[in-house]
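[1] Got a sequence here, can you model it:
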Amino acid sequence: MNIYVLVKRTFDTEEKLVISGGKIQEDGAEFIINPYDEYAIEEAINVRDAHGGEVTVVTIGGEEAEKQLRTALAMGADKAVLINTEDDLDETDQFTTAYILAEYLKDKDADLILGGNVAIDGGSGQVGPRVADLLDINYVTTITSLEIDGDKAKIVRDIEGDAEELEASLPLLVTAQQGLNEPRYPSLPGIMKAKKKPLEELELDDMDIDEDDVEPKTETIEVYLPPAKEAGRILEGEVADQVSELVSLLRSEAKVI
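    Numbering: from 1, shown residues only. Take a look at the predicted model:
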């Protein structure tokens with residue numbers, strides 16, 4: 001099978017982030033593979049091991065993203081592709097990303113494309129479906145189970161506390177939800193092998209993409225932290241008095257009634 005995984009380099013949200021001038025400061029920040037993309041990588045490797053073929057991981061960004069691609073190769077992916085937009089694009093959005101990925105994939109005869117359900121830095125969940133739409137192929141989001149049988153796929157997807165069982169034909173794009181699998185840690189042999197695996201680097205010119213074609217459709221006005229939570233308050237006294245005070249506070253301070 002010809003399998004591709006869409007990977008994003010994201011901030012490690014378990015580390016401290018610094019916001020200055022309406023932007024997250026990259027200096028000193030830790031970067032990782034988007035955690036939902038790790039489920040996609042693991043599932044791609046499992047499908048390849050069961051059905052044969054190869055796994056190619058693809059990302060868009062600058063030279064720094066090579067580290068995350070090498071991690072994916074160390075996990076077991078066969079090839080990696082970095083579409084370097086560092087010198088061409090100052091800003092990107094979901095439209096930009098999906099367009100570039102679809103242009104890259106359009107002649108690759110992919111049987112299966114996987115990606116994370118959402119990116120933890122943006123959380124829009126748009127890129128996967130947009131890519132599938134541009135490629136005019138089937139797609140299913142938030143999957144928690146995937147079984148390939150010939151040119152068919154049996155899928156279970158998460159639907160807010162319940163599950164939906166589907167069947168779709170290949171080629172197919174799916175986005176991975178937590179619970180699909182347990183992503184492996186790169187082993188020392190895997191890390192050593194990753195250094196010798198092919199990592200191709202492309203630029204927009206190599207793909208005959210004009211910068212005007214991928215101009216973002218959205219603009220980020222400001223990034224800011226939510227207001228700090230105030231300390232809780234304990235009401236005392238008789239129950240009737242507590243209820244009266246609570247109603248008063250909800251009206252005068254919280255302004256919800």
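
[2] what's the following helix or strand after the longest helix along the chain?
    Using DSSP state H, we find that the single longest helix of the chain is helix 35-51. As assigned by DSSP states H and E, the chain's next helix or strand after helix 35-51 is strand 54-61.

[3] List the strands paired with that following strand, with their directions.
    Using DSSP bridges, the strands paired with strand 54-61 are strand 2-6 (parallel), strand 79-84 (parallel).

[4] for whatever helix or strand comes next after that strand, which positions count as buried?
    Downstream of strand 54-61, the first helix or strand assigned by DSSP H and E is helix 66-75. Residues of helix 66-75 classed as buried by neighbour count (16 or more other Cβ atoms under 10 Å): 66, 68, 69, 70, 71, 72, 73, 74, 75. For every residue, glycine as well, the C-beta is placed using N, CA and C.

[5] what mean pLDDT would you report for helix 66-75?
    If you average the pLDDT over helix 66-75, you get 95.

[6] who touches that helix?
    Outside helix 66-75, the residues within contact range by Cβ atoms under 8 Å, 6 or more residues apart in numbering are 5, 7, 9, 31-33, 38, 41-42, 45, 57, 59, 79-82, 183-187, 190-191, 193-195, 197, 199.

[7] By the neighbour-count criterion, which of these qualify as buried?
    Buried, going by 16+ other Cβ under 10 Å: 5, 7, 9, 31-33, 38, 41-42, 45, 57, 59, 79-82, 183, 186, 190, 194, 197, 199, out of these.

[8] Do a quick rundown of the strands in this structure.
    2-6, 9-11, 19-20, 23-24, 31-33, 54-61, 79-84, 112-116, 138-149, 152-158, 163-169, 172-176, 199-202 (DSSP state E).

[9] Using a markdown table, please lay out the ones you listed together with distance to residue 126.
    Formatted as a markdown table, the strands of the chain follow (distance: least, Cβ to Cβ, whole Å):
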| stretch | distance to residue 126 |
| --- | --- |
| strand 2-6 | 12 |
| strand 9-11 | 15 |
| strand 19-20 | 23 |
| strand 23-24 | 20 |
| strand 31-33 | 19 |
| strand 54-61 | 14 |
| strand 79-84 | 18 |
| strand 112-116 | 11 |
| strand 138-149 | 10 |
| strand 152-158 | 17 |
| strand 163-169 | 20 |
| strand 172-176 | 10 |
| strand 199-202 | 23 |
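
[10] hey, which of these is tucked in deepest?
    strand 112-116 (a mean of 28; mean count of other Cβ atoms under 10 Å).

[11] Tell me which strands that one pairs with, and in which orientation.
    Looking at strand 112-116 with DSSP bridges, its partner strands are strand 2-6 (parallel), strand 172-176 (parallel).

[12] could I get those strands as TSV with distance to residue 156?
    Below are the strands paired with strand 112-116 laid out as TSV (distance: least, Cβ to Cβ, whole Å):
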stretch	distance to residue 156
strand 2-6	19
strand 172-176	11
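
[13] need those in TSV with mean pLDDT, can you?
    Below are the strands paired with strand 112-116 laid out as TSV (pLDDT from 0 to 100):
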stretch	mean pLDDT
strand 2-6	97
strand 172-176	96
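
[14] Tell me where the model's unsure across the stretch 51-200 of the chain.
    Applying pLDDT under 70 to the stretch 51-200 of the chain picks out no residues at all.

[15] Now with 90, please.
    Residue ranges of the stretch 51-200 of the chain with pLDDT under 90: 86-93, 119-125, 159-162.

[16] quick one, which of the strands of the chain is nearest to residue 239?
    strand 152-158 (41.2 Å; Cβ to Cβ).

[17] Stretch 123-131: which residues count as buried?
    Under 16+ other Cβ under 10 Å, the buried positions of stretch 123-131 are 125, 126, 127, 128, 129, 130, 131.

[18] which ones are touching the residue nearest to the second one when sequence neighbours are not counted?
    Spelled out, that is residue 126. Nearest in space to residue 126, with sequence neighbours left out and distances taken as Cβ to Cβ, 6 or more residues apart in numbering, is residue 94 at 4.1 Å. With contacts defined as Cβ under 8 Å, 6+ apart, residue 94 is in contact with 122, 124, 126, 127, 130, 218.
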